[in-house]
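In: Structure, please.
(chains A and B)
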Amino acid sequence: AQKITQTQPGMFVQEKEAVTLDCTYDTSDPSYGLFWYKQPSSGEMIFLIYQGSYDQQNATEGRYSLNFQKARKSANLVISASQLGDSAMYFCAMRETTTDSWGKLQFGAGTQVVVTP
Amino acid sequence: DAGVTQSPTHLIKTRGQQVTLRCSPKSGHDTVSWYQQALGQGPQFIFQYYEEEERQRGNFPDRFSGHQFPNYSSELNVNALLLGDSALYLCASSNWDLIGNEKLFFGSGTQLSVL
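Out: Numbers count the residues shown, from 1 in each chain, chains lettered A, B, ... in the order given. Below is the predicted model of the structure:
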C-alpha cells in the first residue's frame, strides 16, 4: 500500500506568490518523522524541512513551512514568496521510527513545481 | 567540507553485465544508505550500511549487494543487469541531531542506463 501520497503531479506558480504542496501519509506507527526534499534537475536531494509526529508546533525553515495536521495525516509544504530557483521536483517522505527504520525513508511520487516570472 | 560524493555520475551497461557504484559519505558520517530512483518516481530504499554491515534492506533482489569500508565509504553492486535497473542511484549519509533525529544528506547520484 502506498504510504505517501502526493496528488499534484505538477504545478505552475508565479514568482513571489506562495504555493502549497499536498502530502498525505499512512501509518499506524505512533512515532514517525515527515520530511520534504527538493530535487533540482542536477539530481541531488536537498533537505528542506522536518516534522516529528510528537512536535506540537508546525516546523518552519526560512521560506518553508510545514502545515502538519496529524488527525488528517496531512503534511503539506508551503513555500512563501516563490523564486525562480524554486523550480524543481518536491518529494514528501516519511520514516517510521518504531519499526527500526533508520535511514529508510519512504517517498511519494513527487510534485514538479515550475516558477514563472 | 565536502558533501556526499558519488561516482561515476553516468554509466552505460548492457543486459547481463555487472556494475559497481561508489559513495563517499559526508565527513563525520558513519552510516550510508542507497536508494534507487526510476524515472518519474520517488526514490526506493535499497539498503543501509553501518559499521561495515548491512543493517536494513528494502525489497530488492539479491542481485543488489553492497559493502562498506572502514573509512565509511560504500559500494553498491548490481549483478546480471536488467533493463529495469536503469535508474538514478542515490547515496545518502546520516547523522543525528542532539534530540535523536536522523538527517540524511544525499549525493547527486549515479545515472545508470542499461541497454
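
In: Could I get the contacting residues of the residue in chain A that chain B sits nearest to?
Out: Of all residues in chain A, residue A:107 sits closest to chain B, at 3.1 Å by Cβ to the nearest Cβ. Where C-beta positions appear, they are placed from N, C-alpha and C, glycine not excepted. Residue A:107 is in contact with A:4, A:37, A:91-93, B:42-44, counting by Cβ atoms under 8 Å, 6 or more residues apart in numbering or on different chains.

In: Restricted to strands, list those residues.
Out: Counted as lying in strands by DSSP state E, out of the contacts of residue A:107, are A:4, A:37, A:91-93, B:44.

In: Output those residues in TSV, with pLDDT appended to each entry.
Out: Below are the ones in strands among the contacts of residue A:107 laid out as TSV (pLDDT from 0 to 100):
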residue	pLDDT
A:4	96
A:37	96
A:91	97
A:92	97
A:93	95
B:44	96
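
In: Spell out which parts of chain A neighbour chain B.
Out: Contact residues, chain A versus chain B (Cβ under 8 Å from any Cβ of the partner chain): A:4, A:33, A:37, A:42-47, A:50, A:52, A:91, A:93, A:95, A:100-110.

In: same thing but at 10 Å, please
Out: With Cβ under 10 Å from any Cβ of the partner chain as the criterion, chain A comes near chain B at residues A:4, A:6, A:9, A:33, A:35, A:37, A:39-40, A:42-47, A:50, A:52, A:89, A:91-93, A:95, A:97, A:99-110, A:112.

In: Specify the beta-bridge partners of the residue of chain A closest to chain B.
Out: Residue A:107 has these beta-bridge partners by DSSP bridges: residue A:93.

In: quick one, longest strand in chain B?
Out: Criterion DSSP E: the longest strand present in chain B is strand B:87-96.

In: Now do it: which elements does it pack against?
Out: The helices and strands touching strand B:87-96, judged by 3 or more Cβ pairs under 10 Å, 6 or more residues apart in numbering or on different chains; DSSP states H and E, are strand B:5-7, strand B:19-24, strand B:31-37, strand B:44-50, strand B:74-78, strand B:102-106, strand B:110-114.

In: tell me the contacts of the residue of chain B found nearest chain A?
Out: Distances between chain B and chain A by Cβ to the nearest Cβ are smallest at residue B:42, namely 3.1 Å. Shown in contact with residue B:42 (Cβ atoms under 10 Å, 6 or more residues apart in numbering or on different chains): A:4, A:6, A:37, A:39, A:45, A:89, A:91-93, A:105-110, B:35.
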